[in-house]
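>>> below is the sequence, then the predicted model.
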Amino acid sequence: MAIVEREVVRGGQPPTPEAKPEPARERLPLGPLKTIHVYWLAGMSCDGCTISVAGATNPGIEGLLAGVVPAMPNVILHHPVLSAEAGAEFVQSFIDASEGKLGAPYVVVFEGSVADERIAERAGGYFSAMGVEAIKGGVGSRPVPTATWLRRMAPGAAATIAIGTCATWGGVPAAEGNPTLDTLYALATALDASLADLIAPPPAPEPPRLVRAGEGVRVRGTAVEAWLLDTVTGPQCSTEVYDLRLRGTRRQVSEGHPPGTREHLHLYAGSALVGPVDEPVALEAGDFVTFDATGDHVYRRLGGSVSGLLVITRVRGAT
């Protein structure tokens, strides 16, 4: 007689490892709170919420801090502006709370927009910070962004409060899209600018403009030989830049230019007599002179090979 062995499947639940009691997470006593810490952090803020809270009534902040408001715990406020402590003494309590060493419940209040500090960090800076800490693995210290404090303290807080529209929605730093046309016109009026100045894209950067020696538009007079290097014209002023040479010994008298015109000469080499015909000045290499060119003025070489940079400016509408 053959004996057939069969696998026996028994009912019931699969065996489970012996359960161990979960370690207690609650480190603070339950029941009505007698004291609570409030840690106030400020991001990209105008401090308007601080002003509002400090001026609030019924209850006022004084009653909360003194612990005289019925059914309310005594509030210990850690505020970067209102607290009496400063420096490392002030920041130490924030460190204790973030590391779970405070031994009391706390609330985090954040005022202002929470900045994306990764953007500033790429440039080696920060948007808003409080306190400093040593650089890990490095030398020296660096400011601690308030967004970093928020990230460290929020997990252990009894509550985290975003106070005001900036902390809640991002405020102006988080705004997207263009303002309305009415807003743009109001801004343009306040800035005494045109609407195009506000909405036109910035001009593309111009490549360097090179003028080699002897190039440029050449002008020549009795004693003056010059090459126009560049001109800059704006709504209120125009500027001309010349490479100047003085030849021979003859004196050149130039007629006066339109009102608002001045000439500026930096002499590189040689010596020359330059300026208004009634009071010219003698220049040596390295000297600089500027004068009103609306009247007749003189240029004359005194000695050596005379060269310099001449700039002529004119203010439009001058009388």
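Arrived safely. Predicted, not measured: the structure shown is a model, and the values here were computed from it.

>>> work out for me the element Val306 sits within.
Here Val306, judged by DSSP states H and E, is contained in strand 297-315.

>>> what is the rounded mean pLDDT of that strand?
The pLDDT scores in strand 297-315 average 95.

>>> now the nearest residue in space to Tyr106 that is not next to it in sequence, what are its backbone angles?
Leaving out its chain neighbours, the residue that sits closest to Tyr106 by CB to CB, 6 or more residues apart in numbering is His37, at 3.9 Å. (Each C-beta comes from the backbone N, C-alpha and C, glycine too.) Main-chain dihedrals, His37, degrees, to the nearest 10: phi -90, psi 140.

>>> so His37 versus Ala162, what's the distance?
Distance of His37 to Ala162, computed by CB to CB, to the nearest Å: 18 Å.

>>> kindly report the same for Ser45.
From Ser45 over to Ala162 the distance is 12 Å, taken as CB to CB.

>>> ok, Gly221 next?
Separation of Gly221 from Ala162 (CB to CB): 74 Å.

>>> what does Ala282 give?
Distance, Ala282 to Ala162, using CB to CB: 73 Å.

>>> same question for Pro280.
For Pro280, the distance to Ala162 - CB to CB - is 72 Å.

>>> ok, now Leu229?
In terms of CB to CB, Leu229 sits 59 Å off from Ala162.

>>> likewise for Ser83?
In terms of CB to CB, Ser83 sits 21 Å off from Ala162.

>>> returning to what we had before: now for the strand holding Val306, which elements pack on it?
strand 237-246, strand 251-254, strand 261-276 (3 or more CB pairs under 8 Å, 6 or more residues apart in numbering; DSSP states H and E).

>>> would you turn those strands into CSV with mean pLDDT?
Output for the helices and strands packed on strand 297-315, formatted as CSV (pLDDT from 0 to 100):
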stretch, mean pLDDT
strand 237-246, 94
strand 251-254, 92
strand 261-276, 96
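
>>> same list (these) but as CSV, adding mean neighbour count.
Shown next, in CSV, are the helices and strands packed on strand 297-315 (neighbours: other CB atoms under 10 Å):
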stretch, mean neighbour count
strand 237-246, 19
strand 251-254, 15
strand 261-276, 19
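
>>> nearest to Ala196, of those strands?
With CB to CB as the measure, strand 237-246 is the member of those nearest Ala196 (20.3 Å).

>>> quick one: the closest one to chain centroid distance?
On the basis of CA atoms, centre = their mean, to the nearest Å, strand 237-246 sits 37 Å off its chain's mean C-alpha point.

>>> cool, stretch 185-203 as well?
21 Å.

>>> before we move on, the earlier item: show me which of His37 and Ala162 is the more surrounded one.
Between His37 and Ala162, His37 has the larger neighbour count (other CB atoms under 10 Å), namely 22 against 18.

>>> wait, isn't the more buried one in contact with Ile76?
Yes: His37 lies in contact with Ile76 (CB atoms under 8 Å); the separation is 4.8 Å.

>>> is Val219 bridged to anything, and to what?
Ala226 (DSSP bridges).

>>> now for Tyr185, how many residues are close by?
Neighbours of Tyr185 using other CB under 10 Å come to 12.

>>> find the nearest non-adjacent residue to it, please.
Per CB to CB, 6+ apart, closest to Tyr185 is Leu195, 6.5 Å.

>>> tell me the pLDDT at the one you found?
Note on Leu195: pLDDT of 77.

>>> list the residues that contact it.
184-185, 188 (CB atoms under 8 Å, 6 or more residues apart in numbering).

>>> just those: which are in strands?
Among the contacts of Leu195, no residue falls in strands (DSSP state E).

>>> mind putting those residues into CSV with pLDDT and distance to Phe110?
Conversion of the contacts of Leu195 to CSV gives the following (pLDDT from 0 to 100; distance: CB to CB, whole Å):
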residue, pLDDT, distance to Phe110
Leu184, 74, 32
Tyr185, 73, 35
Ala188, 80, 35
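
>>> let's have those in TSV, adding distance to Ala175.
As requested, these are exported to TSV (distance: CB to CB, whole Å):
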residue	distance to Ala175
Leu184	14
Tyr185	19
Ala188	19
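
>>> tell me the one among the residues you listed nearest to Thr249.
When the contacts of Leu195 are compared for distance to Thr249 (CB to CB), Ala188 wins out at 57.3 Å.

>>> Ala200 is in contact with that closest one, correct?
No: using CB under 8 Å as the test, Ala188 is too far from Ala200 to be in contact (11.7 Å).

>>> neighbour count: the two, which is higher?
Ranked by neighbour count (other CB under 10 Å), Ala188 and Ala200 place Ala188 first, with 16 against 9.

>>> check contacts around that one.
194-195, 197-198.

>>> in helices, which of those residues fall?
Judged by DSSP state H, these include 195, 197-198 as members of helices.

>>> rewinding a little: please pick the buried ones from the contacts of Ala188.
The neighbour count (16 or more other CB atoms under 10 Å) marks nothing among the contacts of Ala188 as buried.

>>> what stretches of the stretch 1-150 of the chain score poorly on pLDDT?
The stretch 1-150 of the chain contains residues with pLDDT under 70 at 1-31.
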